[in-house]
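# Pasted the sequence and its predicted model underneath.
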Amino acid sequence: MYAYWIGIKGGNEIPLRRDLDPTEIGPVLLPYSLLADVDTRTQSVRHRVVGTNFTDFFGRDITGMELSTVLEGNYLEFIRGLYMLACEQRVAVVSHSRFRWDQGRLVKASRLMMPLSKDGSRSDMCYTCQVFETGEGPMPPQVFIASDGSPSQSAWEDVSQKFSHLSADVI
């Protein structure tokens, strides 16, 4: 997905929303995809398009819902912070976290969040590809940002410390 995001941005700092093509993403990744409107001024995130993996995990369709109506507490702040990081710095963000969900179920989430622009000037959307897995034991969140637009491993900067104040065992 990161290579696809790099490819569609062309000469722009971030890709335009219209360049994101679901047929190019394909049926393997679409269930794990989420497209959100992001307003960095108000710190709000609204789910615009939600893959079936999210619907299955949450037990309901969260399309059209504000992030704050889906999550709460530290986990809400963690995820909101990732959206703001991606859109404010206009960089792709990779993160891994474990958290306690519903009836004590421990879940690991790995996500790649990539900012998009509706008009070419503002970073006001984010495309996320995310998987949920059952996990073992809490771990501090890990967060990396793309530092030079290259798909290589060395191009990712570890910014986990900015999120270390958030509990990994939250809901």
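Noted; the coordinates are in hand. Note that the structure is a prediction, hence the values are computed from the model and not measured.
# can you give me the strands for the chain?
For the chain, the strands defined by DSSP state E cover 33-39, 44-50, 93-101, 105-116, 125-134, 142-146, 156-158.
# Distance to residue 62 and mean pLDDT for those strands - can I get that in JSON lines?
For every residue, glycine as well, the C-beta is placed using N, CA and C. As requested, the strands of the chain are exported to JSON lines (distance: least, C-beta to C-beta, whole Å; pLDDT from 0 to 100):
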{"stretch": "strand 33-39", "distance to residue 62": "9", "mean pLDDT": "97"}
{"stretch": "strand 44-50", "distance to residue 62": "5", "mean pLDDT": "96"}
{"stretch": "strand 93-101", "distance to residue 62": "14", "mean pLDDT": "84"}
{"stretch": "strand 105-116", "distance to residue 62": "14", "mean pLDDT": "89"}
{"stretch": "strand 125-134", "distance to residue 62": "12", "mean pLDDT": "91"}
{"stretch": "strand 142-146", "distance to residue 62": "22", "mean pLDDT": "85"}
{"stretch": "strand 156-158", "distance to residue 62": "28", "mean pLDDT": "88"}
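# can I get these in TSV with mean neighbour count?
Output for these, formatted as TSV (neighbours: other C-beta atoms under 10 Å):
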stretch	mean neighbour count
strand 33-39	19
strand 44-50	18
strand 93-101	21
strand 105-116	20
strand 125-134	19
strand 142-146	20
strand 156-158	14
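# Can I get those strands in TSV including distance to residue 65?
Putting the strands of the chain into TSV (distance: least, C-beta to C-beta, whole Å) gives the following:
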stretch	distance to residue 65
strand 33-39	10
strand 44-50	5
strand 93-101	17
strand 105-116	18
strand 125-134	15
strand 142-146	24
strand 156-158	30
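# Nearest to residue 14 among these would be which one?
Within the strands of the chain, the stretch nearest residue 14 is strand 105-116; the backing value is 4.9 Å (C-beta to C-beta).
# List the neighbouring strands of that closest one plus their orientation.
According to DSSP bridges, strand 105-116 forms sheet pairs with strand 93-101 (antiparallel), strand 125-134 (antiparallel).
# re earlier: mind checking which of the strands of the chain is nearest residue 16?
Closest to residue 16 of these is strand 105-116 (C-beta to C-beta; 6.8 Å).
# quick one: that closest one to strand 33-39, angle?
60 degrees (axes from the mean of the first three to the mean of the last three C-alpha atoms, to 10 degrees).
# correct me, but residue 97 touches residue 141?
Yes: using C-beta atoms under 8 Å, residue 97 is in contact with residue 141, at 4.2 Å.
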